[in-house]
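S.K.: Requesting a structural model of the entry that follows:
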Amino acid sequence: MSSKYTNLYTDERYLNRRELSRALNTTFIDSFWQEQEEYRKQYRYPLPINLINRTQIYITLTPIIKDKITMFENKIDNTLRLYRALDEDAKYEVRKGVFFSWLRAIAVYQGVNISDISVRALLNGTYREENTAHTPVIHYLHTLDHYLGEERILPSDDNFLADAFTYLLGVPELTKFYREEGPSSYRPTSIINGYDYDKAPARDIEDMMENLFGTLRKGDNLLINSLTALFYVSYIQPFDDLNYPLSILLAKNVYASGSSGVAAFMLPFETLLGDHAVMESIKECKKEGDLTYFILSCMNVMNRLLDFLKDQIQQARLTHYKEEYRTLSPEEEARAEEIKPAPVEPLPEPEPKVEPVPVEPVLPKEPQEEPLEEQFEEETVEEEPLPEPEPPKKEEVPVIEKKEPKNALKPSGYITPEEMMETSAPAYRIGVPANTLSDKEVKEYVRYLLETNPSLNRKQSSFLANHCTPGRYYTIQQYKSFCRCAYETARTSMDHLASEGYYEKLQVKNKFVYRPATKGEKK
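M.R.: Numbering: from 1, shown residues only. As a prediction, this is how the structure comes out:
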């Protein structure tokens, strides 16, 4: 085989033996494959980590493969730089867009049965279920939010894994770390496509992890180190549970040690371990220890995932610019009309000057009596307009809330109007929308409420989805106007929403208001 095909099937495509046979359309490829191996051995770099069967792991870095990795790192850095330039509101919108597929992947890894609508509610902040089976997904989201909000990057070692483990479990401290049980020998679980092992023996886990941490400290390429951590932790499975989430978080933290900082936790590593092409590359790595298959396969999958992340960032930036030139709200338009200056009438044009014409003197005639009708026509008496009667002053009648029956829900506390203004700012101000959810998110939230809480009807769910902004206060009259129902129906509906934990009922002077309950307040 010429060097042209050697470069083609190593530098450009990096095929394995089976793929090379298909590309050449022949099964007699021993000599061809030998030439491929000889070429690759010239650029082979061994790593200080081993497979479970003690085979050393290595990576092949030809000049062209090196350039590919460098260019892909530049793409990652440019994308994360765009994310770091966003404000907090725009970053939140980006997270809602990209986190959905990540949480779905984590649910698959952990065997969690959670619907798409529940994941959407979790991202929108409207999740109200008490399903303990969803805990791994919820904790993973909270862990991501935690590290994205951190300023200090922890070293990528066992201390970071312990810290991430506590957040994923939702416990203050760990009582157990590495797995203490497992296979006691190196007996393979499958030998059909090469020797494959379920997990590393428990007695070797600590040494294998120390070798991994040493590799991460010595390596100077962030992308290779990140993907090495992702592969190795998910391969040896050093923990009893949460091996996949921990391998993903460790890979993100490795890349965060570079110039990207905590923005590296936005890298889409979550869906890699579920991709078919990536899983096939892992099988190749397990056969001979060539990590190049895994790294190049992950780069191919991440390429389109980074494009999606970049599209979400550009969309968030565009939305931010549109908000700067937003139209006025009805309240602002009414206020603008009140202070709008009156139109200035144009000045009348000056009449042209007419020179006096000399008139001959006329002798006075004897006065003659004119008809009475003509006198009235010539002499018009201008009557002064009568003053308009002042409209009767309407006495302000204080709005008094109807007296509630004895079985009504008791308020959980009291609040003053001044406290309402303090706690509701800035959402209470004119111009800020009363609901932060989009129309699509409102529809999803209504569907989520009806599916997760059978005690709610459609009107109650619709009102709650449109009136759930934290810091605002809602009244029975608002429900009555929104749902077009009787006052008693509105009162019982608001009390029912409060009893279900969606609102907190408070008393302000002689009326009641309902404040949306924050996360964790639902009983």
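S.K.: for the chain, longest helix please?
M.R.: Counting residues, the longest helix found in the chain (DSSP state H) is helix 292-324.
S.K.: Please point out which parts of it sit buried.
M.R.: Judged by neighbour count (16 or more other C-beta atoms under 10 Å), helix 292-324 contains these buried residues: 292-299, 301-302, 305-306, 309-310, 312-313, 316-317. Where you see a C-beta, it was placed from the backbone N, CA and C, and this is true even at glycine.
S.K.: ok, now which ones touch the closest residue to residue 50 other than its chain neighbours?
M.R.: Using C-beta to C-beta, 6 or more residues apart in numbering and skipping residues adjacent in sequence, the residue nearest residue 50 is residue 56, 5.4 Å away. Taking C-beta atoms under 8 Å, 6 or more residues apart in numbering as the definition of contact, the neighbours of residue 56 are 46, 47, 49, 50, 289.
S.K.: Give the ChimeraX command for selecting the buried subset of these.
M.R.: Of the contacts of residue 56, the buried ones can be selected in ChimeraX as follows, counting by 16+ other C-beta under 10 Å:
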select :47,49,50,289
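S.K.: what's the closest of the contacts of residue 56 to residue 461?
M.R.: Each of the contacts of residue 56 was checked against residue 461 using C-beta to C-beta; the closest is residue 49, at 53.3 Å.
S.K.: Could you check how far the closest one is from residue 212?
M.R.: 6 Å (C-beta to C-beta, to the nearest Å).
S.K.: Likewise for residue 223?
M.R.: Distance, residue 223 to residue 212, by C-beta to C-beta: 16 Å.
S.K.: out of those two, which sits in the more crowded spot?
M.R.: residue 212 (25 against 22; other C-beta atoms under 10 Å).
S.K.: nearest residue to the more buried one other than its sequence neighbours?
M.R.: residue 232 (5.2 Å).
S.K.: so which strand or helix has the one you found?
M.R.: Per DSSP states H and E, residue 232 falls inside helix 222-236.
S.K.: Point out where the protein drops to low pLDDT.
M.R.: Scanning the chain for pLDDT under 70 picks out 1-4, 183-196, 320-407, 410, 412-436, 519-523.
S.K.: Nearest the middle, which residue of it would you pick?
M.R.: Averaging the C-alpha coordinates of the chain gives a centre point, and the residue nearest to it by C-alpha atoms, centre = their mean is residue 96 (2.0 Å).
S.K.: Wasn't that residue part of a helix?
M.R.: Yes. Per DSSP: H, G, I helix; E, B strand; the rest coil, residue 96 lies within a helix segment.
S.K.: Could you name the helices and strands sitting against the longest helix of the chain?
M.R.: Here helix 292-324 touches strand 56-60, helix 63-84, helix 88-110, helix 222-236, helix 276-288, going by 3 or more C-beta pairs under 8 Å, 6 or more residues apart in numbering; DSSP states H and E.
S.K.: ok, residue 40 touching residue 10?
M.R.: Yes. Taking contacts as C-beta atoms under 8 Å, residue 40 lies within contact range of residue 10: 5.9 Å.
S.K.: between the two, what contacts are shared?
M.R.: Common neighbours of residue 40 and residue 10, counting by C-beta under 8 Å, 6+ apart, are 60, 62.
S.K.: Mind checking what secondary structure residue 47 has?
M.R.: strand.
S.K.: ok, now how distant is it from residue 218?
M.R.: Using C-beta to C-beta, one obtains 9 Å as the distance from residue 47 to residue 218.
S.K.: Out of the contacts of residue 56, which comes closest to residue 104?
M.R.: Nearest to residue 104, judged by C-beta to C-beta, of these is residue 49 at 30.6 Å.
S.K.: looking at it, the closest one is touching residue 208, isn't it?
M.R.: Yes. Under the criterion of C-beta under 8 Å, residue 49 lies in contact with residue 208, with a separation of 7.1 Å.
S.K.: all strands in this structure, in order from the N-terminus.
M.R.: In the chain, the strands defined using DSSP state E lie at 44-50, 56-60, 413-414, 503-508, 511-516.
S.K.: Out of these, which gets nearest to residue 267?
M.R.: Ranking these by distance to residue 267, with C-beta to C-beta as the measure, places strand 56-60 first at 19.7 Å.
S.K.: ok, now which ones touch residue 16?
M.R.: By C-beta under 8 Å, 6+ apart, the residues touching residue 16 are 284, 293.
S.K.: If you count neighbours, what's buried in stretch 17-25?
M.R.: Within stretch 17-25, the residues that count as buried by 16+ other C-beta under 10 Å are 20, 21, 24.
S.K.: Wait, the first one touches residue 36, no?
M.R.: To tie it back to what came earlier, the one meant is residue 20. Yes. In this structure, residue 20 sits in contact with residue 36. The criterion is C-beta under 8 Å, and the distance is 6.8 Å.
S.K.: what do those two both touch?
M.R.: Between them, residue 20 and residue 36 share the neighbouring residues residue 9, with contact defined by C-beta under 8 Å, 6+ apart.
S.K.: Sweet, I'm off.
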